[in-house]
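# generate coordinates for the sequence data below:
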Amino acid sequence: MERLVLVLRIQAAASLAYGVSFLLTPDFTLDTIFGWQGAETDFARMAGVLFLSIGWFGLLVAKRIDTRLDMVWPLVSVPVLLLAVLIAVRAAGNYLGTDSFYWMSIAVTVFFAVAVGGTRLAVKNANPTNA
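This next block holds a predicted model:
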């Protein structure tokens, strides 16, 4: 259970970092990540608020993991959905950022999907009556 709390806190920290960057420096963040110069800052700020909300939710779940174990699955779906968006943007030809940042983003989202989901399954298998 401690490993799941640690993974959730790491995922929350990453989400909060993304959220702060999108919220406070939207033009710079969109230009750096996607190569979108002069992008819509309202879109970026909404994404920032979404990332901050996901991070906050992750911290709340980690804090009350004994009673909120079932709430881990939405935190697995977040990186999976983000991965789908990244692949769709690249497939549509709309990604103008650097290849290194793209593959780093893919690696981070796959890591969190596998780490959170795998750790949650390990908790369920270790304690099937409580999961």
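# contacts and neighbour counts: CA atoms only from here.
Noted.
# so where is this protein shaky, pLDDT-wise?
Judged by pLDDT under 70, the chain has its weakly predicted residues at 37-39, 128-131.
# longest helix of it?
With DSSP state H setting the assignment, residue counts place helix 99-126 as the longest helix in the chain.
# what helix or strand is the most centrally placed residue in the chain on?
Using CA atoms, centre = their mean, the residue of the chain that lies closest to the mean C-alpha position is P79, 4.7 Å off. Assignment of secondary structure by DSSP states H and E places P79 within helix 72-91.
# F22 now?
Assigned by DSSP H and E, F22 belongs to helix 2-24.
# coming back round to it: any idea how far the residue nearest to the residue nearest to the centre of the chain when sequence neighbours are not counted is from K63?
Counting by CA to CA, 6 or more residues apart in numbering, P79 lies nearest to T109, which is 4.9 Å off, once chain neighbours are set aside. According to CA to CA, to the nearest Å, T109 and K63 sit 22 Å apart.
# try L81
From L81 over to K63 the distance is 24 Å, taken as CA to CA.
# try P26
Counting by CA to CA, the gap between P26 and K63 amounts to 30 Å.
# ok, those two, which is more surrounded?
Neighbours were counted for P26 and for K63 using other CA atoms under 10 Å; P26 has more, 24 against 14.
# test my guess that that one contacts A44.
Yes: with contacts counted by CA atoms under 8 Å, P26 reaches A44, the gap being 5.3 Å.
# quick one: contacts for F34?
Y95, L96, G97, T98 (CA atoms under 8 Å, 6 or more residues apart in numbering).
# swap in 6 Å and give it another go.
Y95, L96, G97 (CA atoms under 6 Å, 6 or more residues apart in numbering).
# I appreciate the help and will end here.
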